[in-house]
Structures are given as structure tokens and as C-alpha cells.
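Sequence isn't available, so here's the structure alone:
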């Protein structure tokens, strides 16, 4: 069926949601707009679905969500005797609506549904899967994307996102479902009365917070330091749980950004609600004119990522990177556990392989073993699950990704901005009692281990042409790998798609013992490196740069040079 035939089919049949027909009518005769909505189907992968909300096979809407849910139902009924599922949702446009429609489809297929009765953070969904021992989980969220997006993330019975194999099998089922004739559904209220849909209440959230609180290392330190916090949930799900956990650990001097306090999927004051960027902190920064906070805290809409800004010696607030926060948090946890005699002799920390190698150096100092895994928190969740199966759950110290995702504790199998917010505030309070800000702490680590400048540059490629260009860039790099970067000979080439690592200096090859992934890594002398990776959820290619120098200025200057090298690769 060609694009125009698909368009006409939807125009005739997509009448369940009047918004869709209205949108389809409005683009009649506009080939470009029709093509953008129908040139492909939203692909279901390990990150589930993600796309712009609207009409068409390349959009998030009632039909694409319910088609995915019908396929997931078929997968679960094939692989489980009495399947069950937990569902959560965030503050985005149509998240609650999509969650309830998905619940109706699952119930119609005889699958027991545990549905949160209000919007909650993504880690709460991971917790619920394990709490209710469900076969799977769904969270309706598009993380930190702009308000026009929504998404549908699927989890397995362990509480982390589906593996490649499970996602592929589920996608096979999804592709067999007709949007208009193949979806089973039922009456929501009747399903609740029959017990097929059961609401998850406040007691589960309290249990989750109890588990988070157990990760506190220095109880009472926040009150002792009189830590002053400005917090923004960026109109998302973090408002209640983050404030509650900070209250529990003694953060009494807390100020909430009023414009960003309540849930709002339009994100009116922050069109790109990503705590990695300064724009997310603009409202909080204005508050510092009157409130001299020790730390500014921002969680993304589904509260699985957290960013911070802290004052330097001049009183200016500076944003700290995910790599810096991850390194500091690891150092804090290891140093305090060591001092208190609670550090396991078999302690292990973990990060994504694109995150800063400084963390590995810190772990060595404390005799903590270290693991580098592929990008995607499911791999960290899988490692925790394996440790738990071996009776080694207490050996896990923390895991993190440079994209502002952290987890301490084993209560969840996904990144958790609730526990991360708690530990960041505790850490800031601990060092405040020593007269140090987190900027001072980071400088101390750089002075001890060397200046690591880790930076990420994203290159966007929208639409069908953009997808083709992304593929061409990766193919070109595979066929013609760079021999040098900014005059530095490339000593190592790792192709995670072919699982081959080449040691250029010695002329040897080795197998990369990680799942296959479309990633290319280049290393030079002195620990400097560049990693090229297409995003799994967005039309982007990301370049991860590592530059190490004897000073901050030297490492930043080298990073700029390596970014220019990456820029050249994107001009194919």
C-alpha cells in the first residue's frame, strides 16, 4: 500500500479519535505533510515507540499505541501462562489517555493490569513490576523530548526495558495487527469491576520511597548543613516524590519553581524540558536573585534524569555535567562507605561505555571493581539482576550514564532521579559542612586524577532524508575509518556492530564481549577518544568526546578540536 492509499484508509477509518480526522482533513493535497505522517511506521525497539503526537503510522496516536499493545498482548499470551502487566504514565499530552486505552486492550486479551492511579516517575514503574511480579510493564513518556512528542516504553519481568530479542519478537506480533480491525478492547469501568484492571495506590509509592531512603548514608546531614535547595520538576512527575524524599532526609529549606511546579505537557516555560541544558534552569536561576541556594535541582518530565547547577567561588551558578555528577556521586558513596566500614570487599560500580573514564579511576582508588556496558540503562538493570541472582545485590554501589541518569540501590532496574536527587542533596550538604561547594569537590577530583573534558554533540537528521543520511554517515565511517584525529594517530577502532576491536598499533583484533550495537569508537594516546553513536530514540547521531589534559583549559581546547573532527564526519 503506497503513502496516499494509507492516507485515504486512515481518513476513512480513523474515527475513534476526532482529533485525528480533523488533522487528516487539514492536510488534504499536501504531499509533504502526508508523506511525513505515512512514509514509515513508528518502529518498536528496545526503547518501545517514540514520536510526534498526531495522525498517521509515523505518529503517536490511539491506533499506533493500541496496535503496539495488541502485539504486546499476543507476545505475553504466547510466552506466559497467566500474564500480568504494570502501567505508568507521565505528564505529557495524552499520556493518561494512552495508558488507559492500552489497559483496555490488555484486559480484553485476558491480561491482568496494574495501573498507577496518578502520574508517577519512570522508576516507580520499574519498582511496580517487581513489587507485583508482573510479566511486563509499560510507561507512557517521551522523557525529555519537546511537548509535541510522546512515547511508549516496554519493560520485561525484571523491571528493565525489553531485551533486543524480546522487542524483536514483540514487533513481529505488532506488524501482524491491523490498525482498524485487529485490536481487541473492552469497557474500562467493567474491567476494573471484574478485577482485570487494578489501580496501584499510594501505599506502593510509599514503599518505593522507603527503599529510596535506605540509600541515605549520612542521615541528618542536610538539616545540620541547613542545605538550601531550589527545585524544579519541569512540569513533570517529580514534584511530589522528590519533595517527599528530600523532606524525609531533612531538607527543610526548599523552594519550588512556581511556573514549573504542576504537571503540564505543553511545558510552557521550557519547550525542551531537558535538565542537560541551561534553558531548563532559567526560571530557577531567576530565583537566585533573592534566594542564595546551595544547589539548583531539575528533574525531567518522567523523573528518571536529574541535572544540577551550583555556585562557584564568584557566586555564579554553573551547570555540572552528567559525567561530573556521576563521578562525584561515586566518589562520595565509595569514600563514605569505606570510612563507615560498609563497603563490600566485592563492590562493583558500572557506567555506560560512553561515560567518563574518570569514574573508573575513582573506583580503582577504593578497590571497587568496575564494568563498562553499552548505552541503555537496561544493561545496568540486567547486571543488578544477575548480581541479585548470585546473592550479591549488596555489592552494587551505583550505575550511571552521562545523559544524567543514575541509580543507587536495587529497588529499581532503571535510572532513578528520586534516589539521585536525594543523594546529590546529601552529598552537597556533607561537603557544605566542610566549607566546600560541589564545584570545589569536582576541582579536587580533577587535581587528583587529571582534567577530563567529556562532551557530547548531537547532530539532528529529520524526516526520511535524514534517516538515509544517518545510515550513509555510519556506512562511510565503517568503510573508511579515520587514521588520525586532530593530528593524533588513532590507536584503536571498536565496531560494536561487528563486535570487532582493532588494536592499530599492534595489528591485532579482539572480540567485543557486549551485545551488538551500531556504534563506532576511536581511541588515541593519553586516553583521548571519540565515539559515534546514532540515537535509539531520536533522529540524531551523537558524538562523545573524551579529552584529557594537564589543565581545564588544555582539555577543553582539545575537546573543541575533536568536535570539529566529528563535524567533518557529518558532512557526508
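Arrived safely, thanks for sending. What you see is a predicted model; the values in this text were computed from it and never measured.

if I pick residue 165, what's in contact with it?
Counting by C-beta atoms under 8 Å, 6 or more residues apart in numbering, residue 165 touches no other residue. (Each C-beta comes from the backbone N, C-alpha and C, glycine too.)

Please give the centre-to-centre distance between the helix or strand where it lies and its chain.
Using DSSP states H and E, residue 165 falls within helix 164-175. Helix 164-175 has its C-alpha centroid displaced from the chain centroid by 21 Å (C-alpha atoms, centre = their mean, to the nearest Å).

Please apply the same query to stretch 378-398.
For stretch 378-398, the separation from the chain centroid amounts to 19 Å (computed by C-alpha atoms, centre = their mean).

Then stretch 491-500?
The chain centroid and the centroid of stretch 491-500 are separated by 25 Å under C-alpha atoms, centre = their mean.

How about stretch 1-11?
Between the centre of stretch 1-11 and the centre of its chain there are 34 Å (C-alpha atoms, centre = their mean).

cool, and stretch 160-177?
Distance, stretch centre to chain centre, for stretch 160-177: 20 Å (C-alpha atoms, centre = their mean).

before we move on, the earlier item: now do the buried residues in the helix or strand following the helix holding residue 165.
As assigned by DSSP H and E, the chain's next helix or strand after helix 164-175 is helix 188-193. Neighbour-count burial for helix 188-193 flags 188, 191, 192 (criterion: 16 or more other C-beta atoms under 10 Å).

which ones are touching the last one?
Read it as residue 192. 198, 199.

what about residue 115, is that helix, strand or coil?
strand (DSSP: H, G, I helix; E, B strand; the rest coil).

Specify the beta-bridge partners of it.
Beta-bridge pairing for residue 115 (DSSP bridges): residue 87, residue 199.

surely it meets residue 98?
No: in this structure, residue 115 sits apart from residue 98 without contact. The criterion is C-beta atoms under 8 Å, and the distance is 11.8 Å.

Just the pLDDT for residue 53.
Reading off the confidence values, residue 53 has pLDDT 97.

so it touches residue 62, yeah?
No: counting by C-beta under 8 Å, residue 62 is not a contact partner of residue 53; they are 10.5 Å apart.

and the closest residue to residue 457 other than its chain neighbours, how many residues sit next to it?
In this structure, residue 457 finds its nearest non-sequential neighbour in residue 543, 4.8 Å apart by C-beta to C-beta, 6 or more residues apart in numbering. Using other C-beta atoms under 10 Å, the number of residues around residue 543 comes to 21.

before we move on, what SS does residue 543 have?
strand.

who does it bridge with?
Bridge pairing for residue 543 - DSSP bridges - gives residue 457, residue 532.

so it sits right up against residue 564, yeah?
No: taking contact to mean C-beta under 8 Å, the distance of 10.6 Å between residue 543 and residue 564 leaves them out of contact.

coming back round to it: relative to residue 568, how far out is the residue nearest to residue 457?
Going from residue 543 to residue 568 by C-beta to C-beta, to the nearest Å gives 11 Å.

for the stretch 51-200 of the chain, what spans make up the helices?
Assigned by DSSP state H, counting those that start in this stretch, the helices in the stretch 51-200 of the chain fall at 62-79, 95-108, 122-131, 164-175, 188-193.

Not counting its own residues, what contacts the second one?
Counting contacts by C-beta under 8 Å, 6+ apart, the residues outside helix 95-108 that touch it are 60, 62, 65-66, 69-70, 72-73, 85, 87-89, 113, 115, 119, 138, 140-141, 150, 152, 183-188, 191, 196-197, 265.

so how far is it from its chain's centroid?
Using C-alpha atoms, centre = their mean, the distance between the centre of helix 95-108 and that of its chain works out at 23 Å.

Which strands or helices does the lowest-mean-pLDDT helix or strand in the chain pack on?
Of all regular secondary-structure elements in the chain, judged by mean pLDDT, DSSP states H and E, the least confident is helix 463-479 with a mean of 90. For helix 463-479, the packing partners by 3 or more C-beta pairs under 8 Å, 6 or more residues apart in numbering; DSSP states H and E come out as strand 520-523, strand 529-534, strand 540-549, helix 552-569.

Among the ones you listed, single out whichever gets nearest to residue 283.
Ranking the helices and strands packed on helix 463-479 by distance to residue 283, with C-beta to C-beta as the measure, places strand 540-549 first at 26.2 Å.

Can you tell me the closest non-neighbouring residue to residue 502?
In this structure, residue 502 finds its nearest non-sequential neighbour in residue 493, 4.6 Å apart by C-beta to C-beta, 6+ apart.

Identify the bridge partners of the one you found.
Note on residue 493: beta-bridge partners by DSSP bridges are residue 502, residue 522.

Need the pLDDT of it.
Per-residue confidence at residue 493 stands at 95 (pLDDT).

any idea which element the nearest residue to residue 366 once chain neighbours are set aside lies in?
Residue nearest to residue 366 in three dimensions, not counting chain neighbours: residue 334, with 4.1 Å by C-beta to C-beta, 6+ apart. Taking DSSP H and E as the definition, one finds residue 334 inside helix 322-340.

Could I get the buried residue list for that helix?
When burial is assessed from 16+ other C-beta under 10 Å, helix 322-340 yields the following buried residues: 322-337.

tell me how far that helix is from the chain's mean position?
21 Å.

Show me what it is packed up against.
Here helix 322-340 touches strand 306-311, strand 348-352, helix 358-365, strand 396-401, strand 405-407, helix 417-432, helix 438-449, going by 3+ C-beta pairs under 8 Å, 6+ apart.

Arrange the ones you listed in TSV, one row each, with mean neighbour count as further columns.
Rendered in TSV, the data for those read as follows (neighbours: other C-beta atoms under 10 Å):
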stretch	mean neighbour count
strand 306-311	24
strand 348-352	24
helix 358-365	20
strand 396-401	25
strand 405-407	27
helix 417-432	26
helix 438-449	17
